[in-house]
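In: Sequence first, predicted model second:
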Amino acid sequence: MALSILPNAFGQPALTPEQIKKLNEFFEKEKNTKDPITQLRIGDLFRLGIFGKEKRKEAMTWYLKSAKQNDPRAFYRLGVAYLKGDKGFSGQGIPGILEDQKKAFEYLHRAAKLGLPQAFGLVAISYESGRGTEKNLVSAYGWYFLHHQKSQNDRSEKHLIRIQKVMTPEEMKKGVAFADMLSKLISGLKEEQPSDK
């Protein structure tokens, strides 16, 4: 598939003219697709500037198409785009997109509720800081707890330890109960999803 030649955000070499030609052919073939994964990948091509840096903002159109079909990765990409605006993370911002913490939270929260682990931590940070939503330490703790359960990374554990210092035992207990409820909700949603098999 043409997408296998995509550079990643960590500095793979620039694409050759032949690779760009293959990606353009892929786009021409797939531009009317209704498949949310393909729409997401086309959005990535635009975001990376494959079709020209001046067209990078078109990534948002493709992410929205994919999000309309409840693809959690599309909600995540939209949320991250609004989180930092055109500055972006690691220079991956989308020109012309203004930072909007409320929109960022709404998209990231949707991705998290659809079970995308990458979104759990960002939603927790938003609840902890009140960025884009009302500050709520119990919700923050629940999302951090769930993130730690699903990812087992040091960063989520550090967040849990840090937030515990400003919470009562009762609040932490409520946070764990909230994480348990979220986990069951997310598991139930995944069971309802049709299988790819």
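Out: Nice, I can see it.
In: ranges for the helices of the protein?
Out: Listed in chain order, the helices of the chain (DSSP state H) span 17-30, 36-47, 58-67, 72-84, 101-113, 117-129, 137-151, 154-164, 169-192.
In: Residue 93 is nearest to which of those helices?
Out: helix 72-84 (5.8 Å; C-beta to C-beta). The C-beta positions use only the backbone N, C-alpha and C, and glycine is treated the same way.
In: The closest one packs against which elements?
Out: helix 36-47, helix 58-67, helix 101-113, helix 117-129 (3 or more C-beta pairs under 8 Å, 6 or more residues apart in numbering; DSSP states H and E).
In: so that helix versus helix 169-192, what angle?
Out: 140 degrees (axes from the mean of the first three to the mean of the last three C-alpha atoms, to 10 degrees).
In: Only the C-alpha atoms, please, for helix 72-84, written as PDB.
Out: The C-alpha trace of helix 72-84 is given here as PDB (Å, rounded to 0.1, in the frame of the first residue of the first chain):
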ATOM      1  CA  PRO A  72     -11.300   7.700  17.900                       C
ATOM      2  CA  ARG A  73      -8.000   8.400  16.200                       C
ATOM      3  CA  ALA A  74      -9.600  11.200  14.200                       C
ATOM      4  CA  PHE A  75     -11.100  12.800  17.300                       C
ATOM      5  CA  TYR A  76      -7.600  12.500  18.900                       C
ATOM      6  CA  ARG A  77      -5.900  14.200  15.900                       C
ATOM      7  CA  LEU A  78      -8.500  17.000  15.900                       C
ATOM      8  CA  GLY A  79      -8.100  17.500  19.700                       C
ATOM      9  CA  VAL A  80      -4.300  17.600  19.400                       C
ATOM     10  CA  ALA A  81      -4.600  20.100  16.500                       C
ATOM     11  CA  TYR A  82      -6.700  22.500  18.700                       C
ATOM     12  CA  LEU A  83      -4.600  21.800  21.800                       C
ATOM     13  CA  LYS A  84      -1.600  23.600  20.400                       C
END
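In: Could I get the average pLDDT for it?
Out: Helix 72-84 shows a mean pLDDT of 94.
In: Can you tell me the closest non-neighbouring residue to residue 33?
Out: residue 39 (6.2 Å; C-beta to C-beta, 6 or more residues apart in numbering).
In: Show me how the record splits the chain into domains.
Out: With domains defined by automatic domain parsing, the chain comprises 17-114, 115-192.
In: got the buried residues for stretch 63-80?
Out: 63-67, 71-80 (16 or more other C-beta atoms under 10 Å).
In: quick one: which of those residues is nearest to residue 54?
Out: Of these, the one sitting nearest to residue 54 (C-beta to C-beta) turns out to be residue 63, at 18.0 Å.
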